[in-house]
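**Q** Curious how this folds, go ahead:
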Amino acid sequence: MALYGAQLYRSNKNETDINYDVIGETSSVVAVGDLLTATDSNVINVIGSTTDYVLGVAAGAVTAAQNDGTKRVPYIPADLDTVWLMGTNSALTDDTTDYGTFYAITGGTGAQQVNVSGNVTTTTSRQVMIVKVDPNKVGGTDGLKQCLVKFVRIPQFNGAFN
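**A** The predicted structure follows:
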């Protein structure tokens, strides 16, 4: 069974912070679990490029028909410490080469996954780092298509480990 979007797996905080401080982009549709970024005009939209930073993960579904300030998008802010459960678009191997590797995100609203078939990323297209494969012990191919990730391209950090 395919897993889309991101689900909070582990946070170092006692409570999950949910922000409501930014409005959605005109005519955008956001699903629960979508990875979000901010546009140049400071409105939220679903990540659409491998160079977009991860502002956070949608905590509610929103359709922003107008950019009028009433369609606020609830989201959990991204940081370097929080761990998220995500699906991948191809099976991983669950050997030592998977852990600590960087990938980009692929897919649109309600269909985002870690793009492991697009090869390991080593440049500004790093968006996530794999922490663990098949964390819920699903097993088989389905288990190898689930992983724990940390976001590495966030507003406070550009993903470059120099």
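**Q** how many other residues sit next to the residue lying closest to residue 53 once chain neighbours are set aside?
**A** For residue 53, ignoring the flanking residues on the chain, the nearest one in space by CB to CB, 6 or more residues apart in numbering is residue 153 at 4.8 Å. Where you see a C-beta, it was placed from the backbone N, CA and C, and this is true even at glycine. Neighbour count of residue 153, defined by other CB atoms under 10 Å: 26.
**Q** show me what contacts residue 153?
**A** Taking CB atoms under 8 Å, 6 or more residues apart in numbering as the definition of contact, the neighbours of residue 153 are 51, 52, 53, 54, 124, 126, 127, 159.
**Q** Over to residue 47?
**A** With contact set as CB under 8 Å, 6+ apart, residue 47 has these partners: 34, 35, 36, 37, 54, 105, 112, 127.
**Q** that older thread, can you tell me how far the residue nearest to residue 53 is from residue 113?
**A** Using CB to CB, to the nearest Å, residue 153 is found at 16 Å from residue 113.
**Q** same check, this time on residue 71
**A** To residue 113, residue 71 is 26 Å away according to CB to CB.
**Q** Tell me who's in contact with residue 121.
**A** Contact partners of residue 121, counting by CB under 8 Å, 6+ apart, are 50, 102, 103, 104, 127.
**Q** Nearest residue to it in space, please, no chain neighbours.
**A** On the basis of CB to CB, 6+ apart, the spatially nearest residue to residue 121 that is not a chain neighbour turns out to be residue 102, at 4.9 Å.
**Q** Counting neighbours, what do you get for that neighbour?
**A** Using other CB under 10 Å, the number of residues around residue 102 comes to 19.
**Q** low pLDDT regions in this protein?
**A** Across the chain, the stretches falling below the confidence threshold (pLDDT under 70) are 14-16, 41-42, 65-70, 156-162.
**Q** Phi, psi for residue 141 please.
**A** Per-residue torsions, residue 141: phi -60, psi -40 (degrees, to the nearest 10).
**Q** That one contacts residue 90, doesn't it?
**A** No - under the criterion of CB atoms under 8 Å, residue 141 lies out of contact with residue 90, with a separation of 9.8 Å.
**Q** circling back: closest one to residue 6 out of the contacts of residue 121, please.
**A** Distances from residue 6 to the contacts of residue 121, taken as CB to CB, are shortest for residue 127 (10.9 Å).
**Q** Give the closest residue to the residue minimising distance to the centre of the chain in space, chain neighbours not counted.
**A** In the chain, the residue lying closest to the centroid (CA atoms, centre = their mean) is residue 35, at 4.1 Å. Once its chain neighbours are removed from consideration, residue 35 has its nearest residue in residue 47; the separation is 4.7 Å (CB to CB, 6+ apart).
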